[in-house]
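Asker: Sequence isn't available, so here's the structure alone:
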């Protein structure tokens, strides 16, 4: 009969066995191209999606497209993602930290979605194309079963100086909310804020002009996500900051993650 061992780490399905905990474990992404958009929006409306315990530090939405290659924990495989977050401060009984609260992360591969969701990172599926690059313009779009709901465009205008790239080389706090619903009834068996630290290590970068275009979908077009897309699409783009393109490395530091208190 299978029995859990207290000193092992397990993932679903757990009954095939666990692995020892490695406090130095890191997930290296050795080739990552990122497009980062920040825009000022309606802070009151945005705050409606920030859970209790967190507070907005700025009425901004941060959208980041990442084309990930040479992902070591996936044996060198690849995938694309788009994260949507907001700058926040966590004010807990023990922890007081600033970082980015992840509202949603779309990814185009099952393995990273499942592993991240178990840790409280809000990942769901979308079709995410590789970057299209034509005449110095970068374009990408997200869709679900043929229905496009987010389009992004960026045209670099100025290379970042080495000092500016170095500023972007930093650890940062990514927050999420781990929620496991009860079976057969309302409410949750587990509902808690989490910290998931990461590190950016860009080699080079550019600043440029860009655009974001949301398209609301109907329930028939995307029955499990239409309300998420609607909520984000209805947040006004008051002022879009210069878009940043970087190429380099990213490190996920899951072993340093924790439940916030």
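Answerer: Sure, I can see it. Being a predicted model, the structure only gives us computed values, none of them experimental.

Asker: Looking at the chain, which strand is longest?
Answerer: strand 188-214 (DSSP state E).

Asker: Show me what the helix or strand that it is followed by is packed up against.
Answerer: Sequence-wise, the next helix or strand downstream of strand 188-214 (DSSP states H and E) is helix 226-233. Secondary-structure packing of helix 226-233 (3 or more C-beta pairs under 8 Å, 6 or more residues apart in numbering; DSSP states H and E): strand 96-107, strand 147-159, strand 188-214. Using the backbone N, CA and C atoms, a C-beta is placed for each residue, glycine as well.

Asker: that older thread, in the longest strand of the chain, which residues are buried?
Answerer: For strand 188-214, burial by neighbour count (16 or more other C-beta atoms under 10 Å) applies to 193-198, 200-202, 205-208, 210, 212, 214.

Asker: before we move on, the earlier item: just put the helices and strands packed on helix 226-233 in JSON lines and tack on mean pLDDT and distance to residue 132.
Answerer: Putting the helices and strands packed on helix 226-233 into JSON lines (pLDDT from 0 to 100; distance: least, C-beta to C-beta, whole Å) gives the following:
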{"stretch": "strand 96-107", "mean pLDDT": "98", "distance to residue 132": "18"}
{"stretch": "strand 147-159", "mean pLDDT": "97", "distance to residue 132": "10"}
{"stretch": "strand 188-214", "mean pLDDT": "97", "distance to residue 132": "14"}
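
Asker: do you know which of those lies nearest residue 41?
Answerer: Nearest of the helices and strands packed on helix 226-233 to residue 41, taken as C-beta to C-beta: strand 188-214 at 11.0 Å.

Asker: how far off strand 147-159 does that closest one point, in degrees?
Answerer: Interaxial angle, strand 188-214 versus strand 147-159 (axes from the mean of the first three to the mean of the last three C-alpha atoms, to 10 degrees): 70 degrees.

Asker: Strand 188-214 relative to helix 226-233, how many degrees between them?
Answerer: 50 degrees.
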